[in-house]
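>>> heads up, no residue letters with this:
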């Protein structure tokens, strides 16, 4: 969708205080739901303990974005009140 926009415009949009109302990005729950639906991936990992009789379930949500979208990822992390932003491997 943003392919026609110059790369500098895409990169600097969120760094522009006029584009994001200062340092605060207010996210609407429906927008977050749609963003996760389109860009997110839910994963389920289980761990079986050898010394006990239970299975530990670890559901996770992963959202992969370009490194210039870190501001959005931080805003989603703040909205969800959980998680962390991890830099790409090899950086």
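Done, it's in. If you're wondering where the values come from, they're calculated on a predicted model, not measured in any experiment.
>>> Do a quick rundown of the helices in this protein.
Using DSSP state H, the helices of the chain run over residues 7-12, 17-20, 29-39, 70-80.
>>> which of those helices is buried the deepest?
helix 70-80 (a mean of 16; mean count of other Cβ atoms under 10 Å). Placement of C-beta: from N, CA and C, glycine included.
>>> what's the distance between residue 39 and residue 66?
Separation of residue 39 from residue 66 (Cβ to Cβ, to the nearest Å) stands at 11 Å.
>>> before we move on, the earlier item: residue 62 is nearest to which of the helices of the chain?
helix 29-39 (9.5 Å; Cβ to Cβ).
>>> Save the helices of the chain as CSV, and put in mean pLDDT and distance to residue 87 too.
What follows is the helices of the chain, written out as CSV (pLDDT from 0 to 100; distance: least, Cβ to Cβ, whole Å):
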stretch, mean pLDDT, distance to residue 87
helix 7-12, 66, 17
helix 17-20, 52, 21
helix 29-39, 93, 17
helix 70-80, 88, 9
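>>> Need those helices in a markdown table (columns: distance to residue 47).
Formatted as a markdown table, the helices of the chain follow (distance: least, Cβ to Cβ, whole Å):
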| stretch | distance to residue 47 |
| --- | --- |
| helix 7-12 | 40 |
| helix 17-20 | 39 |
| helix 29-39 | 24 |
| helix 70-80 | 23 |
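>>> so what's the residue minimising distance to the centre of the chain up against?
By Cα atoms, centre = their mean, the chain has its centre lying nearest to residue 73, at 3.8 Å. When contacts are counted by Cβ atoms under 8 Å, 6 or more residues apart in numbering, residue 73 touches 63, 65, 85.
>>> Which ones among those residues lie within strands?
residue 63 (DSSP state E).
>>> Any chance of a ChimeraX selection covering the buried ones in the contacts of residue 73?
Filtering these down to the buried ones (16 or more other Cβ atoms under 10 Å) takes a single ChimeraX command:
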select :63
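>>> Which single one of the contacts of residue 73 is nearest to residue 47?
Among these, and counting by Cβ to Cβ, the member closest to residue 47 is residue 63, at 23.0 Å.
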